[in-house]
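Student: give me coordinates for this.
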Amino acid sequence: MKKTLLLISALMASAAGINNAQAQDRGNEELINVFQWYNTVDHTFETVAEGEYQDGQMINWGWEDKHLLFVAYRNPGPNRVAVYSWFNQITKDQVSLAEDEFTDDQMVKAGYSGKKLQFYGGTRRGPNTMPVYRWAIERRGDWVTVPEEGNTDAYLKKGYKRKTFQFYGIPRSTDVKIYNQL
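Tutor: Numbers count the residues shown, from 1 in each chain. Modelled structure (predicted):
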């Protein structure tokens, strides 16, 4: 009888620990990692939200040099702006744009299609946030998303100009998920 009670108590404690861990993970479900990939053939960058594509797919399509840019929000909320991905078949460029940067009509007229939601960026600076900018190379029609702490000198050397503010992201440090402050 004592062994049965001990076993039941242990099972209940284990289940409580699992539920507690799941509750902590749900707190992190609100945040999503945003990565950058580079294609050496087309010399273009692509911004990809976690889970948007599998790494194997990206590598198969010629993308490499994956690195974490920043952390964003998975869901809409106050002081957040939707960020969409657009693709241009002719220039082979992918761009991530906040919903109010250009109209859908402007993007279609510029040769972009395949609009899809990627994540949500902050619209206000807060503790543990940083500005995220869009840079462009006019001659190639290539756009890139770069956080404030990114290596902007490398983009300048490649010819990127026209730095434009887009939204606020959360820095990419490993303990950032505990700071879901907005």
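
Student: grab the nearest non-local neighbour of residue 169.
Tutor: Distance criterion C-beta to C-beta, 6 or more residues apart in numbering; nearest residue to residue 169, sequence neighbours excluded, is residue 70 at 3.3 Å. (Glycine included, C-beta is placed from N, CA and C.)

Student: where's the closest residue to residue 119 other than its chain neighbours relative to residue 49, distance?
Tutor: Leaving out its chain neighbours, the residue that sits closest to residue 119 by C-beta to C-beta, 6+ apart is residue 72, at 4.0 Å. Going from residue 72 to residue 49 by C-beta to C-beta, to the nearest Å gives 7 Å.

Student: now for those two: what residues contact both?
Tutor: Shared contacts of residue 72 and residue 49 (C-beta atoms under 8 Å, 6 or more residues apart in numbering): 32, 34, 119.

Student: and whichever strand or helix holds residue 64, what does it pack against?
Tutor: Secondary structure assigned from DSSP states H and E places residue 64 in strand 63-73. Using 3 or more C-beta pairs under 8 Å, 6 or more residues apart in numbering; DSSP states H and E, the elements in contact with strand 63-73 are strand 31-39, strand 44-49, strand 112-122, strand 130-137, strand 142-147, strand 161-169.

Student: buried residues in that strand?
Tutor: 63, 69, 70, 71, 72, 73 (16 or more other C-beta atoms under 10 Å).

Student: mind putting the shared contacts of residue 72 and residue 49 in JSON lines, pLDDT, distance to residue 161 and neighbour count included?
Tutor: Shown next, in JSON lines, are those (pLDDT from 0 to 100; distance: C-beta to C-beta, whole Å; neighbours: other C-beta atoms under 10 Å):
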{"residue": "32", "pLDDT": "94", "distance to residue 161": "29", "neighbour count": "19"}
{"residue": "34", "pLDDT": "94", "distance to residue 161": "23", "neighbour count": "26"}
{"residue": "119", "pLDDT": "96", "distance to residue 161": "25", "neighbour count": "27"}
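
Student: between those residues, which is nearest residue 93?
Tutor: Nearest to residue 93 among the shared contacts of residue 72 and residue 49: residue 34, at 17.6 Å, using C-beta to C-beta.

Student: tell me the contacts of that closest one?
Tutor: Per C-beta under 8 Å, 6+ apart, neighbours of residue 34: 47, 48, 49, 50, 68, 69, 70, 71, 72, 118, 119, 169.
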